[in-house]
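S.K.: Here is the input, now give the coordinates:
(2 chains)
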Amino acid sequence: MKRFFVFVFAFVACVAGLFGQARKPTLMVVPSDVWCNQNGYVTTYDNQGSEVVVPDYKKAFQNSPDLLLVIGKINTLMADRGFPLKNLETVLRSIEQTTAQNNLISSSTSGSGLAESPLDRIRQVAQADIILQLTWTVNKNGPKSYVTYNLQGLDAYTNKQIAGAQGSGEPSMTADVPVLLEEAVLANMDNFTARLQSYFDDLFANGREVAVTIRVFDNGSGLNLDQDYDGYALSEIIDEWMYNNTVEHRFSKLGGSENYINYEQVRIPLYNTRGMAMDTEGFVRELRRYLLKEPYNIDSKVIPMGLGSATLILGEK
Amino acid sequence: MKNLKITLWVSLAILMLPLDLSAKNKADKDAWNYQYEIQCAGTGVDGTYMVKVWFYSKSKKITVEQAGKVAVHGVVFKGVTGGLQGCPSQPALMRDPVGKEAHKDYFQKFFAENGDYAKYVLSVSPSVERVKVKGQWKLGAVVQVAKDQLRKDLEAAGIIKGLSSGF
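M.R.: Predicted structure coming up:
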């Protein structure tokens, strides 16, 4: 009996611990488009007559040992601070493997494949909440070489730069590029993590900053955001819900029409009223439940895009 | 006569001992209270800072304890100012403005004589720069500080927050 109580106590403590912690953002180091372009790690395709250049990360990883070294060093330093990063090379490989496996999976009775929408494919690629964009150039000053290094922390949902560290290393006549790069990472990492820490402090004090989009299904029901409820347009009702449910009523309405509303800089609480960790999907699901009730009775579909962005499509599920 | 001489010398040595201790304490106090500057002196090996500290003292002599204490104090509270190219400024480990006062007891013990600060002083350069400034000495030395271990220990003691705390 005593053992049973100990077990129950330990279980409750674990569950409370899980609920009590905010969801940890995922971070991933990605070489910048500029670096990929300068080093020839790009592919070009024709998009309806216009040439589009996109980075080819796989090619970069297969050909640049310096890139592996820098990413490896940043990953090690961040893991040392209790913040292990996602490895882009592994993520790319994992996506390839999953795609190959999914293509081969078929039902033994009907032979049908896995159901996968185009959106599912995009979601699989969107892997990190904060992207650490990395650029460096090797410069020459007479016989001496030095490295100019730039690491930017970008919020994948608000597109804001939340941390950064830039600088040029000490010119050297003898040191190789890998040594110069390692020095650059070591010299700049504490500044970067200090700014990242300030961002996390702000997140705990003022809520997570996210983006929310409201759309309407074109299903012939005639529902739109101008529809009146007691003299108030549906868009106003949603505005009021946002005002009442954001941290210190902080949100910006970027634009809207009868078919869509874009909200940015929406400060959502890290925990819901039940004390559970909340992300944007959870926040938008609360709005969905609100609109499902009387007098609105509007069903809707929630499409999460990672930790900091979600779309609510009104009209049906 | 010979015995008298020995007795006199021994007595003199005993009398001088408190003076010597007092000078050492004074030097420590100088390092703690007086203004100091801390500047990047190069990229140290992984997990360390190479810093140059300048501090003021009545004494011309520099001790490893003085220089080490100032360097660790600077890394914790002040941050390191940038030096030449490739030597960027570094943030202080304690960025909470009220943290120093809030953990006063901890830091008094930490920076006391034979305190834990000494664990993080890896080396002090033997060459010392001296400048005489208005009746006192401005002393400069390069110190290597184990900043990663220092940060980890302060995080473990709950003095500073870790990057992943709260998640």
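
S.K.: A:Gly275 is in what secondary structure piece?
M.R.: Assigned by DSSP states H and E, A:Gly275 falls within no helix or strand.

S.K.: Based on its surroundings, how many neighbours for A:Asn206?
M.R.: Residues near A:Asn206, counting by other CB atoms under 10 Å in any protein chain shown, number 13. Just so you know, the C-beta spots here come from the backbone N, C-alpha and C atoms, and that holds for glycine as well.

S.K.: where exactly do the helices run in chain B?
M.R.: B:2-33, B:64-73, B:99-102, B:104-110, B:147-156 (DSSP state H).

S.K.: For the second one, buried residues please.
M.R.: Along helix B:64-73, the positions that meet the burial threshold by neighbour count (16 or more other CB atoms under 10 Å in any protein chain shown) are B:Glu65, B:Gln66, B:Ala67, B:Gly68, B:Lys69, B:Val70, B:Ala71, B:Val72, B:His73.

S.K.: now the last one
M.R.: Judged by neighbour count using 16+ other CB under 10 Å, the buried positions of helix B:147-156 are B:Lys147, B:Asp148, B:Leu150, B:Arg151, B:Lys152, B:Asp153, B:Leu154, B:Glu155.

S.K.: ditto for the third one
M.R.: Burial within helix B:99-102, assessed by neighbour count using 16+ other CB under 10 Å, is assigned to B:Gly99.

S.K.: list the helices and strands it packs on?
M.R.: When contacts are defined as 3 or more CB pairs under 8 Å, 6 or more residues apart in numbering or on different chains; DSSP states H and E, helix B:99-102 packs onto no helix or strand at all.

S.K.: How far away from the center of its chain is that helix?
M.R.: Centroid separation for helix B:99-102 versus its chain: 19 Å, with CA atoms, centre = their mean, to the nearest Å.

S.K.: got a pLDDT number for the most centrally placed residue in chain B?
M.R.: For chain B, the residue nearest the mean C-alpha position is B:Lys69 (1.5 Å; CA atoms, centre = their mean). B:Lys69 is assigned 93 on the pLDDT scale.

S.K.: In this structure it contacts B:Glu113, no?
M.R.: No - using CB atoms under 8 Å, B:Lys69 makes no contact with B:Glu113, being 9.4 Å away.

S.K.: Near the residue of chain B found nearest chain A, how many residues? Count them for me, please.
M.R.: Chain B approaches chain A most closely through B:Gly86 (2.9 Å), counting by CB to the nearest CB. By other CB under 10 Å, 22 other residues sit near B:Gly86.

S.K.: So what's the residue count around the spatially closest residue to it that is not a sequence neighbour?
M.R.: Spatial nearest neighbour of B:Gly86, excluding adjacent residues (CB to CB, 6 or more residues apart in numbering or on different chains): A:Glu170 at 2.9 Å. When neighbours are counted by other CB under 10 Å, A:Glu170 registers 19.

S.K.: How confident was the prediction at A:Glu170?
M.R.: We have a pLDDT of 87 for A:Glu170.

S.K.: Next up, phi/psi of the residue of chain B closest to chain A, please.
M.R.: phi 90, psi 10 (degrees, to the nearest 10).

S.K.: That one against A:Tyr146, yeah?
M.R.: Yes - between B:Gly86 and A:Tyr146 a contact is recorded at 7.0 Å, counting by CB under 8 Å.

S.K.: following the host helix or strand of A:Leu186, which helix or strand shows up next?
M.R.: When secondary structure is defined using DSSP H and E, the element that contains A:Leu186 is helix A:177-206. On the C-terminal side of helix A:177-206, the closest following helix or strand by DSSP H and E is strand A:208-216.

S.K.: Partner strands of that following strand, with direction?
M.R.: According to DSSP bridges, strand A:208-216 forms sheet pairs with strand A:260-268 (antiparallel), strand A:309-314 (parallel).
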